[in-house]
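A.B. asks: I need the structure of the sequence given here:
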Amino acid sequence: MLRRVVLQTFRQGLAQSFFKRNAASLSESAVTQHPIETSEEASEKSGSKQKNGDESGNTVVVAPPEFRFMYPEFLPDPTMERRNKLKEKLERMDMLQRRSIIEIPEFYTGSIMAVTVADSNSPNKFARFVGICIQRGGSGLQAWFILRNVVDRQGVEILYEMYCPLIQKIEVLRLERRLDESLLYLRDALPEYSTFPFEMEAERRLNNSVVPINPIKVKLRPRPWLERWERQNLQGVEDLNLPQRYYDRAKEVAKPWEKYDLMLQYRKTIPAEEQEKIYAEVHSQLQQQDLKRKIKRRRGPSSEQ
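C.D. replies: Here you go, the predicted model:
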């Protein structure tokens with residue numbers, strides 16, 4: 001019994017001496033591991049995190065906001081049933097590889113373009129078509145655009161797949177935009193709005209200059225038309241001069257509330273956060289390709305192997 005009491009008192013004394021000896025070191029380690037931050041230090045830290053985007057100090061690439069208008073084909077199809085993360089990433093890799101072989105310049109609906117395609121039936125083994133881009137769409141490797149021109153008083157339209165391997169060259173002869181996102185109404189317009197010479201030369205444009213918007217108003221031919229253009233909110237068309245009953249009917253079938261439907265807009269578009277991730281992924285590679293082309297142009301054709 002006496003031996004047990006002696007052992008307990010001895011153990012308690014050892015424990016008290018241990019805590020007394022290590023109290024100072026434990027308090028110092030606690031202070032070093034969890035220091036108290038001042039308001040200035042906290043603001044500096046939050047600012048550095050916003051700048052770098054990573055606590056480890058790694059810089060985060062942020063693509064310019066105009067990329068979503070310059071390269072809309074990099075955004076995947078917003079339909080949820082067709083989404084596949086692996087497929088989308090592989091498609092972006094193929095698109096970037098294709099862009100490293102052939103230059104696909106910046107263009108918009110309303111730009112005058114020339115496309116050269118390999119054609120085994122042509123005497124020169126290639127065919128070149130000049131026209132105005134009246135519509136573009138699709139996503140990923142299925143991206144496409146339509147060129148229109150009037151040849152021998154006949155409207156001719158060609159749909160090109162942007163990443164088709166048969167395309168040899170894409171030129172932008174006049175870079176501009178129109179008031180509408182789709183110019184399909186040129187099919188019912190006068191032919192002079194869609195007539196462009198095949199010998200048209202490219203207009204020079206200053207680097208980093210703002211893309212001009214052509215405010216031209218197109219005059220349509222008399223009815224009948226391919227579509228009911230009075231029911232579409234078109235900005236680039238002159239007054240249609242229709243009877244009042246056509247405009248009344250257009251108001252009856254109109255859906256002005258759709259522009260306030262947030263869920264409808266969400267289903268038709270990719271979220272902004274995901275767009276930033278996608279364009280940040282391709283931003284650096286697009287810059288490298290552009291830099292290589294500029295160096296090759298400065299060296300001249302002799303540098304090409």
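A.B. asks: mind checking the SS state of residue 233?
C.D. replies: For residue 233, the assignment made with DSSP: H, G, I helix; E, B strand; the rest coil gives coil.
A.B. asks: same question, residue 141
C.D. replies: helix.
A.B. asks: ok, it - how many residues close by?
C.D. replies: Applying other CB atoms under 10 Å, we find 17 residues neighbouring residue 141. For the C-beta atoms, the positions are set from N, CA and C on the backbone; glycine is no exception.
A.B. asks: could I have the CA atoms of the strand ranked longest in the chain written out in PDB?
C.D. replies: Scanning the chain for the longest strand, with DSSP state E as the assignment, gives strand 126-137. The C-alpha trace of strand 126-137 is given here as PDB (Å, rounded to 0.1, in the frame of the first residue of the first chain):
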ATOM      1  CA  PHE A 126      -7.900  23.800-105.200                       C
ATOM      2  CA  ALA A 127     -10.900  26.100-105.200                       C
ATOM      3  CA  ARG A 128     -11.100  29.600-103.700                       C
ATOM      4  CA  PHE A 129     -14.400  31.200-102.800                       C
ATOM      5  CA  VAL A 130     -15.000  34.800-101.600                       C
ATOM      6  CA  GLY A 131     -18.100  35.900 -99.700                       C
ATOM      7  CA  ILE A 132     -19.600  37.500 -96.700                       C
ATOM      8  CA  CYS A 133     -20.100  35.400 -93.500                       C
ATOM      9  CA  ILE A 134     -23.800  35.400 -92.900                       C
ATOM     10  CA  GLN A 135     -23.900  32.900 -90.000                       C
ATOM     11  CA  ARG A 136     -21.500  30.900 -87.800                       C
ATOM     12  CA  GLY A 137     -22.300  28.200 -85.300                       C
END
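A.B. asks: so what touches the helix or strand following it?
C.D. replies: Proceeding N to C from strand 126-137, the next assigned helix or strand is strand 144-151, under DSSP states H and E. For strand 144-151, contacts defined as CB atoms under 8 Å, 6 or more residues apart in numbering pick out 107, 113, 115, 129-138, 155-162, 183, 186-187, 191, 194-196.
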